[in-house]
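Enquirer: Structure for this input, please:
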Amino acid sequence: MEQFWTEKQKENLQYFQENLETWAADPLMKLKHVVIHDKKICGIYDTFENALSYAVHSLPCGEFVIQEVITDNEIVSFLCSATKVA
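Expert: Numbering: from 1, shown residues only. A predicted model of the protein is given here:
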């Protein structure tokens with residue numbers, strides 16, 4: 001997986017991880033999608049799709065990352081079985 005990230009993306013991802021706790025404490029940023037380029041926020045969006053649209057049209061390919069402002073302890077994973085109601 002390390003080969004997947006460019007050096008610039010790794011730097012931007014590290015910047016995200018270093019600032020995540022601070023951003024997650026901000027109610028205006030929490031659960032938003034941030035676009036990071038050159039170790040700074042270039043945009044904050046409600047959806048991944050909007051963040052991606054901005055990034056691919058405005059930033060050099062392979063240099064930005066998009067991350068959701070959410071900490072690991074806030075992620076909820078569960079399985080739900082489907083049932084048919086007669």
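Enquirer: Quick one: classify Ile44 as helix, strand or coil.
Expert: Secondary structure, DSSP: H, G, I helix; E, B strand; the rest coil: Ile44 is strand.
Enquirer: Look up how far Ile66 lies from it.
Expert: 11 Å (C-beta to C-beta, to the nearest Å). All C-beta spots, glycine's among them, are computed from the backbone N, C-alpha and C.
Enquirer: Those two: which is more packed in?
Expert: Ile66 (20 against 15; other C-beta atoms under 10 Å).
Enquirer: helix or strand for the residue nearest to that one when sequence neighbours are not counted, which one?
Expert: Spatial nearest neighbour of Ile66, chain neighbours left out: Ala51 (4.7 Å); criterion: C-beta to C-beta, 6 or more residues apart in numbering. Using DSSP states H and E, Ala51 sits in helix 48-58.
Enquirer: so what secondary structure elements neighbour that helix?
Expert: strand 33-37, strand 40-45, strand 64-68 (3 or more C-beta pairs under 8 Å, 6 or more residues apart in numbering; DSSP states H and E).
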